[in-house]
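> here you go, sequence then predicted model.
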Amino acid sequence: MRPADLSRLLLLAAIWGASFLFMRIAVPVLGSLPTAFFRASLGALGLLALLLLLRPAWDFKGAFRTCLVLGVINAGLPSVMYCLAALVLPAGYSSIFNATTPLMGVLIGALFFSEAMTASKAAGVALGLFGVAVLTRTGPVAFDLPLLLGAAACLVATLCYGFAGFLTRRWIGHLGLDNRLIAFASLVGASLFQLPLFAGSLAWQPPTGWGGPEVWLSLAGLGLVCTAFAYVLYFRLLADIGPIRASTTTFLIPPFGVLWGALLLGEPLSWDYLPGCVLIGAALWLVVRPSAPARA
């Protein structure tokens, strides 16, 4: 991996690690669905402003609708899932569960996209899922139904990410689209998907209040930095290093997620995180480590 790619991975991990912090600030005040909608829509508006400033060629090469669908899978549904999880899980927990994305990518690639499932990758998937189970039992949050539902929401999000990486490569990877256009169309698709959910939540249970500057600064950071800017980085990485390696940024997110939560939200820095994190880290190493070329 080139140093430039590694630098982008680290930057993306730091940014996405902060997204769990911002969700923990906004979701308790606004609710899960409004927070998810504002994240996608602010991200789309931020990218639109960037594109109008840079004036790239608006050529989607006939793939605009495809990008909208990818946005539902890669941004719309995962954002809803993580915002639901933010109601019950600390930022550090969600960021650790998010690290299972490469494991889901390997599993989905083998099941649906004819990717080779080596013994090392199979062992990594099994060990990673065991690590998730250990984390839910030994972590600093009480083992109860809300914890299980929050963990399940995070795993649904990682499944979506796993599918999205391969679908992006299959559907539009060969077209040579500008990664900024892909990111913009994806966030438009996510916003359109979340709009009826947002409207329904307002009709069913509107927020008791719309928060103060802290909440809206968190939404701005979530939408403009953790979504608009981060998605440009992510789609560039998808094109340069492929979906499996690009998804390894999730391995780097947990330290940032736990750190931001501890520094800015007062979440506990507990050794109880360690057993599950070590197992998930070992699983990711098994998945992404270089393998010997197969014999003819």
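Thanks, I have it. Numbers count the residues shown, from 1 in each chain.

> lowest average confidence, helix or strand, in the protein?
helix 243-247 (a mean of 69; mean pLDDT, DSSP states H and E).

> let me know the next secondary structure element after that helix.
Next along the chain after helix 243-247, taking DSSP states H and E as the criterion, comes helix 249-265.

> so how far is that next one from its chain's centroid?
Helix 249-265 has its C-alpha centroid displaced from the chain centroid by 13 Å (C-alpha atoms, centre = their mean, to the nearest Å).

> what do you get for stretch 48-58?
The answer for stretch 48-58 is 25 Å, by C-alpha atoms, centre = their mean.

> can you pull the buried residues of that stretch?
Across stretch 48-58, burial judged by 16 or more other C-beta atoms under 10 Å covers L50, L51. C-betas here are computed from N, CA, C, even on glycine.

> L274 versus A282, what's the distance?
Going from A282 to L274 by C-beta to C-beta, to the nearest Å gives 12 Å.

> those two: who's more crowded?
A282 (15 against 12; other C-beta atoms under 10 Å).

> show residues contacting the helix or strand hosting the more buried one.
Using DSSP H and E, A282 falls within helix 274-288. Residues from elsewhere that reach helix 274-288, judged by C-beta atoms under 8 Å, 6 or more residues apart in numbering: 96, 99-100, 102-103, 106, 120-121, 123-128, 130-132, 134-136, 138-139, 244-245, 248, 251, 254.

> what angle do that helix and helix 249-265 make?
Going by axes from the mean of the first three to the mean of the last three C-alpha atoms, to 10 degrees, helix 274-288 is angled at 150 degrees with respect to helix 249-265.

> verify the contact between L147 and L87 for me.
No. With contact defined as C-beta atoms under 8 Å, L147 does not reach L87; the gap is 11.3 Å.

> is W58 in a helix, a strand, or coil?
Under the three-state scheme (DSSP: H, G, I helix; E, B strand; the rest coil), W58 adopts coil.

> can you list the low-confidence ranges for the stretch 51-200 of the chain?
The model of the stretch 51-200 of the chain has pLDDT under 70 over residues 138-140.

> how about the helices in it?
According to DSSP state H, counting those that start in this stretch, the stretch 51-200 of the chain carries its helices in the segments 64-71, 77-85, 91-98, 101-112, 119-138, 145-171, 179-204.

> tell me the most buried of these?
Among the helices of the stretch 51-200 of the chain, ranked by average contacts under mean count of other C-beta atoms under 10 Å, first place goes to helix 91-98 (a mean of 29).

> and it with helix 274-288, angle?
Put simply, helix 91-98 runs at 30 degrees to helix 274-288, going by the same axes, to 10 degrees.

> what is helix 91-98 packed up against?
Here helix 91-98 touches helix 3-30, helix 77-85, helix 119-138, helix 145-171, helix 249-265, helix 274-288, going by 3 or more C-beta pairs under 8 Å, 6 or more residues apart in numbering; DSSP states H and E.

> residue contacts, L84?
Going by C-beta under 8 Å, 6+ apart, L84 touches S32, L149, G150, A153.

> Provide the backbone phi and psi angles at F60.
Main-chain torsions, F60, degrees, to the nearest 10: phi -90, psi 0.

> give the contact list for it.
For F60, the contact set (C-beta under 8 Å, 6+ apart) comprises C67, L177, L181, A185.

> thinking V141 is in contact with G92, fair?
No. Look at V141 against G92 with C-beta under 8 Å: they stay out of range, at 9.5 Å.

> before we move on, the earlier item: can I get the helices and strands packed on helix 91-98 in TSV with distance to G211?
TSV is the format used below for the helices and strands packed on helix 91-98 (distance: least, C-beta to C-beta, whole Å):
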stretch	distance to G211
helix 3-30	4
helix 77-85	15
helix 119-138	30
helix 145-171	22
helix 249-265	15
helix 274-288	32
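
> next one: stretch 204-224 to chain centre, how far?
The answer for stretch 204-224 is 20 Å, by C-alpha atoms, centre = their mean.
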